[in-house]
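Trainee: Mind folding the following:
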Amino acid sequence: MAANEKAFQQLFEKEYEGLCRYAYTFLHDEHTAEDVVQETFVKIWEGKQALLQDSSIRFYLFTAVRNNSISYLRKAKAAATTYTDTTPEPDPEPSLSASQLQHIESEKARQIAEALNKLPPKCREVFLLVKWQGLSYKDTAATLGLSVKTVENQMGKALKIFKNTAFDAISVLLLLLLHFIKTTI
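Mentor: Below you'll find the model as predicted:
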């Protein structure tokens, strides 16, 4: 068995069940979750075998499974949408110029960076894994070699720091959500 095949098999055996549980939190269907995870592994095998040697492969897998799950849900929703002659036309969205959109995006990015830079390094790392990468406290703890209690404490510290700054935690989470939506569309 070639080195890549062995590394791939070990990665698959180690991460498959956890990734299926993670995909299930989005999809609420066991078989669909398994399909999404298997497709993610197929994509790695077909074109990204170099990632097998990367120490951040676990982060990549969780991010890919999350994105693939969301894409699946979007496609399923679009396929389920039916239009008839009596379907009302949606209200037109207010339009902004390209320069206005660019300004809004750059301002959001600046605010996110400013808020995150106020966090201590370990606290920021925990916050980004939990809120940006979507990992659970348990998975974050395992990834960083910390206890779950330490992850909880770091998240509490991050939210307290956000609350004591011009941004409250809700604003930062909304900005992160907007960023996530923009990058997945």
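Trainee: mind giving me the domain split of this structure?
Mentor: 3-79, 103-184 (automatic domain parsing).
Trainee: avg pLDDT for stretch 26-41?
Mentor: The average pLDDT within stretch 26-41 is 91.
Trainee: Please identify the buried residues of it?
Mentor: Phe26, Leu27, Thr32, Ala33, Glu34, Asp35, Val36, Val37, Thr40, Phe41 (16 or more other Cβ atoms under 10 Å). Yep, even glycine has a C-beta here, placed from its N, CA and C like the rest.
Trainee: ok, so what distance separates the third one from Tyr24?
Mentor: To Tyr24, Thr32 is 8 Å away according to Cβ to Cβ, to the nearest Å.
Trainee: swap in the last one?
Mentor: Relative to Tyr24, Phe41 is positioned 16 Å away (criterion: Cβ to Cβ).
Trainee: Likewise for Ser56?
Mentor: 23 Å.
Trainee: out of the two, which sits in the more crowded spot?
Mentor: Shown here are Ser56 and Tyr24; by other Cβ atoms under 10 Å, Tyr24 has more neighbours (18 against 10).
Trainee: what's near enough to touch that one?
Mentor: Glu30, Ala33 (Cβ atoms under 8 Å, 6 or more residues apart in numbering).
Trainee: In terms of helices and strands, where is it?
Mentor: helix 3-27 (DSSP states H and E).
Trainee: Does anything pack onto the helix or strand following that helix? Which helices or strands?
Mentor: Downstream of helix 3-27, the first helix or strand assigned by DSSP H and E is helix 30-47. Other helices and strands packing on helix 30-47, by 3 or more Cβ pairs under 8 Å, 6 or more residues apart in numbering; DSSP states H and E, are helix 3-27, helix 57-80.
Trainee: now the last one: mean pLDDT?
Mentor: When the per-residue pLDDT values of helix 57-80 are averaged, the result is 87.
Trainee: Let me know the angle separating it from helix 3-27.
Mentor: Following axes from the mean of the first three to the mean of the last three Cα atoms, to 10 degrees, one obtains 50 degrees for the angle between helix 57-80 and helix 3-27.
Trainee: Could I get the CA-only coordinates of helix 57-80 as CSV?
Mentor: The C-alpha coordinates for helix 57-80 follow below in CSV (Å, rounded to 0.1, in the frame of the first residue of the first chain):
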residue,chain,number,x,y,z
ILE,A,57,-6.0,18.7,7.6
ARG,A,58,-8.5,18.4,10.4
PHE,A,59,-9.5,22.0,10.2
TYR,A,60,-9.7,21.7,6.4
LEU,A,61,-12.0,18.6,6.7
PHE,A,62,-14.4,20.3,9.2
THR,A,63,-14.6,23.4,7.1
ALA,A,64,-15.1,21.4,3.9
VAL,A,65,-17.8,19.3,5.5
ARG,A,66,-19.6,22.4,6.8
ASN,A,67,-19.4,24.1,3.4
ASN,A,68,-20.5,21.0,1.5
SER,A,69,-23.4,20.5,4.0
ILE,A,70,-24.5,24.1,3.5
SER,A,71,-24.2,23.7,-0.3
TYR,A,72,-26.3,20.6,-0.2
LEU,A,73,-29.0,22.4,1.8
ARG,A,74,-29.0,25.3,-0.7
LYS,A,75,-29.4,23.0,-3.6
ALA,A,76,-32.1,21.0,-1.9
LYS,A,77,-34.0,24.2,-1.1
ALA,A,78,-33.6,25.5,-4.6
ALA,A,79,-34.9,22.2,-6.1
ALA,A,80,-37.8,22.2,-3.7
